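>>> Please find the sequence and the predicted model below.
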Amino acid sequence: MSTIFRSRHLACALGALLLSGAACAAELVALTEDLPPLNYKEGGVVTGYSTELLKAMARESGLELSITMLPWPRAYRTTLARPDTILYSLVRTEEREPLFAWIGPISPRKIFLFRLKQRKDVHVATLADARKYRIGAVYEMAATKALVRRGFSFQKELDGTQNDESNVKKLFAGRVDLILALDWSAYFYAKKYGRKPAELVPEILVDDSHAYYFGMRKDSDPAIVSRLSDALEKARADGLTDKLRKKYMGK
């Protein structure tokens, strides 16, 4: 258990002696980035699928939760510098495996090439077939870089954009034939702009090799990790994860 966390428990114990029967919950500090619909701000409040799930887990675990949104590099570095801090939504990779205590998975990470349902002329059975079409792709997205390594080019097939939101808007506007996107983001932005998620057809799966997790520094309090893991299992059993998925993806 970290020195900070022990100090909190000591303060709670002393408080309980002074305040008869008063409960004192430990605080869980959480850091995240802007990644709709998993985690994002709405009306100045951090929300999203992963955020709502974490809040429910904290309540179930008897933990007070404090969430701060930061640029991803800063959130990542801060978590690795401070135990008993949770980072989300974190892709579990081989490189990161020894650095974190993992709580999850909380969601699959599936990257597809999507077409509009009305575009019956677009047919993609293999990535090679996709070379015949104009593909919307976010510049710094890992999946975009993977396509580039396979020979796709911004001078030929790829139509670059800065984020998933503008990518989805391009598809509905008919400016591209396909988009490379995380299923969560594609369905979320379709819903945001008054379209039905069913209007997007996942033509081909590009990558599903990783999943999203909550992560804490490896030497964080194992009791906290265990309580949160148990709370996540309860959320699954109670149907909360399915309910939130439908709320944020519309399907």
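Ah, there it is.
>>> tell me the SS of I179?
Three-state assignment for I179 (DSSP: H, G, I helix; E, B strand; the rest coil): strand.
>>> From the structure, what's the count of residues near it?
28 (other CB atoms under 10 Å). Where C-beta positions appear, they are placed from N, C-alpha and C, glycine not excepted.
>>> is it true that it touches K170?
Yes: proximity of I179 to K170 meets the contact threshold set by CB atoms under 8 Å, at 7.0 Å.
>>> Between these two, which contacts overlap?
Shared contacts of I179 and K170, defined by CB atoms under 8 Å, 6 or more residues apart in numbering, comprise G136.
>>> now the helices: where do they sit in this structure?
3-18, 49-61, 72-81, 127-130, 142-149, 164-172, 183-192, 222-237, 240-249 (DSSP state H).
>>> any chance of those in CSV, plus distance to D207?
Formatted as CSV, the helices of the chain follow (distance: least, CB to CB, whole Å):
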stretch, distance to D207
helix 3-18, 37
helix 49-61, 19
helix 72-81, 19
helix 127-130, 11
helix 142-149, 6
helix 164-172, 15
helix 183-192, 11
helix 222-237, 24
helix 240-249, 18
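>>> If you average pLDDT over each of the ones you listed, which is lowest?
Lowest mean pLDDT within these: helix 3-18, at a mean of 39.
>>> which ones are touching R109?
The contact partners of R109, taken as CB under 8 Å, 6+ apart, are V91, L182, D207, D208, H210, A211, Y212.
>>> Show me what the last one bridges to in the sheet.
When bridges are called by DSSP bridges, Y212 pairs up with V91, S107.
>>> ok, how many other residues are close to it?
Neighbours of Y212 (other CB under 10 Å): 23.
>>> ok, now how distant is it from E52?
Note on Y212: its distance to E52, by CB to CB, to the nearest Å, is 14 Å.
>>> for the first one, same thing?
V91 sits at a distance of 19 Å from E52 (criterion: CB to CB).
>>> What of the fifth one?
Distance of H210 to E52, computed by CB to CB: 22 Å.
>>> per-domain residue ranges of the protein.
According to automatic domain parsing, the chain comprises the domains 3-108+210-249, 109-209.
>>> just how off-centre is the longest one within its chain?
Spelled out, it's domain 3-108+210-249. 12 Å (CA atoms, centre = their mean, to the nearest Å).
>>> show me what contacts V138?
V138 neighbours (CB under 8 Å, 6+ apart): T144, G160, T161, Q162, N163, D164, N167, L180, A181.
>>> Give me the number of neighbouring residues for the last one.
Just to be clear, that refers to A181. Counted with other CB under 10 Å, the neighbours of A181 add up to 27.
>>> my guess is it contacts K110, does it?
No: the pair A181 / K110 is not scored as a contact, 9.8 Å apart, by CB under 8 Å.
>>> Tell me, how many residues neighbour L205?
For L205, using other CB under 10 Å, the count is 11.
>>> Model confidence at it, what's the number?
Listed pLDDT for L205 reads 96.
>>> was I right about it contacting F112?
Yes: using CB under 8 Å, L205 is in contact with F112, at 5.7 Å.
>>> Need the residues touching each of the two.
Common neighbours of L205 and F112, using CB under 8 Å, 6+ apart, do not exist here.
>>> Noted, bye for now.
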